[in-house]
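Novice: below: sequence and its predicted model.
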Amino acid sequence: MNINLHKRYSSRNRQLGLSLVELMIAVTIGLILMAGVGQIFLSSKTSYNLQNGMGRLQENARYALDIMAQNISMAGYDPTEDATTVAAFNSANTLENQTANADLNFTDANGTASDIVEINYTSATDCLGNATAGIATDRFYLNGTDLMCLGNGSITPQVMAEGIENMQILYGEDTNNDGTANRYVNAGNVASWTAVKTVRVALLVSTIEGVGNTDNNTYNLLNTPPIGPIGDNQLRRVFTQTILLRN
């Protein structure tokens, strides 16, 4: 009798393994959990890339505008206060809708091509810190997506900021001699460069790398025809700043 009870107890508690149905259920639950974890990981990565890209984009835009504002606001500076000594702009090299090649030759392009500005001011160094003969001449332009500056103290331009896809510039001209700009025009429509009181700069800035979102937007920079949609996966923003010419 004791032997039979032992046999019944042993058979009742013996591990018999998993059935095929139980195994399939366990695998399915595991796959669902893995898919959920993977989705959370991808979402977190996308959010990180987006935030990191936006941070770098804003940093590049701020630096580009700061360096341009710092130099352009010096246009025409002359410690002798003789306004005829230093021309604020070099109108021959202040151009609209231009593209640059490797030899720094600029050619006309369509209405959405970037502009070029060249300024003069009294300084012992140019925008790159190179020594001048007393008058600094700084030329700002785009080479691909790099904001470049070429000073007259060096024959080699230098990258000032990355991710700058387009640059448009308007000049605030004082046509009624009241000391303030009352119209903004392209370089080719400036009636008198000595009457320019402000410079308005607009930059189209993009992330250096893709952030996962398709860009189907169009962008308006001042009076330029709309740019886009571009259709890649980079993030873009337009930044505009009006720079006062103090001299």
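Specialist: Great, that's in hand.
Novice: my guess is Met54 is in a strand, correct?
Specialist: No. Under DSSP: H, G, I helix; E, B strand; the rest coil, Met54 sits outside any strand and is assigned helix.
Novice: quick one: it and Leu235 touch, right?
Specialist: Yes. Proximity of Met54 to Leu235 meets the contact threshold set by CB atoms under 8 Å, at 6.3 Å. For every residue, glycine as well, the C-beta is placed using N, CA and C.
Novice: find residues that contact each of those two.
Specialist: Residues touching both Met54 and Leu235 (CB atoms under 8 Å, 6 or more residues apart in numbering): Thr207.
Novice: distance from stretch 52-62 to the middle of the chain?
Specialist: Relative to its parent chain, stretch 52-62 has a centroid offset of 7 Å by CA atoms, centre = their mean, to the nearest Å.
Novice: show me what counts as buried in it.
Specialist: Neighbour-count burial for stretch 52-62, counted by 16 or more other CB atoms under 10 Å, picks out 53, 56-57, 60-61.
Novice: residues making contact with that stretch?
Specialist: 161-164, 203, 205-209, 211, 234-237, 239.
Novice: please redo it, this time with the cut-off set to 6 Å
Specialist: Residues lying outside stretch 52-62 but in contact with it, judged by CB atoms under 6 Å, 6 or more residues apart in numbering, are 161-163, 205, 207, 211, 235, 239.
Novice: over to stretch 228-240?
Specialist: For stretch 228-240, with CB under 6 Å, 6+ apart as the criterion, the contacting residues are 53, 61, 202-207, 210-212, 214-219, 221.
Novice: quick one: contacts for the most centrally placed residue in the chain?
Specialist: The central residue of the chain, meaning the one whose C-alpha is nearest the mean C-alpha position (CA atoms, centre = their mean), is Val205 at 2.3 Å. Val205 is in contact with 57, 60-61, 163-164, 237, counting by CB under 6 Å, 6+ apart.
Novice: rerun that using 10 Å as the cut-off
Specialist: By CB atoms under 10 Å, 6 or more residues apart in numbering, the residues touching Val205 are 56-62, 64-65, 145, 147, 161-167, 235-239.
Novice: and what of Thr175?
Specialist: Applying CB under 10 Å, 6+ apart as the definition, the contact partners of Thr175 turn out to be 181-183, 185, 191-192, 195.
Novice: in this structure, which strand is the longest?
Specialist: Of all segments of type strand in the chain, defined using DSSP state E, the longest is strand 131-143.
Novice: now, the contacts of Val205 that are in strands?
Specialist: Those of these mapping onto strands are 147, 161-162, 164-167, 236-239, per DSSP E.
Novice: just the helices in the chain please.
Specialist: Counting by DSSP state H, residue ranges of the helices within the chain are 2-13, 20-72.
Novice: weakest of the ones you listed in terms of mean pLDDT?
Specialist: Ranked by mean pLDDT, the helices of the chain bottom out at helix 2-13, which scores a mean of 54.
Novice: adding distance to Ile155, write the buried residues of stretch 52-62 out as JSON lines.
Specialist: As requested, those are arranged in JSON lines below (distance: CB to CB, whole Å):
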{"residue": "Gly53", "distance to Ile155": "35"}
{"residue": "Arg56", "distance to Ile155": "30"}
{"residue": "Leu57", "distance to Ile155": "31"}
{"residue": "Asn60", "distance to Ile155": "26"}
{"residue": "Ala61", "distance to Ile155": "28"}
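Novice: out of those, who's nearest Asp115?
Specialist: Checking the buried residues of stretch 52-62 against Asp115 with CB to CB, the nearest one is Ala61 at 16.7 Å.
Novice: run a quick neighbour tally on the residue nearest to Leu50 when sequence neighbours are not counted.
Specialist: Excluding the flanking residues, the one nearest Leu50 by CB to CB, 6 or more residues apart in numbering is Val211, at 4.9 Å. Neighbourhood size, Val211 [other CB atoms under 10 Å]: 21.
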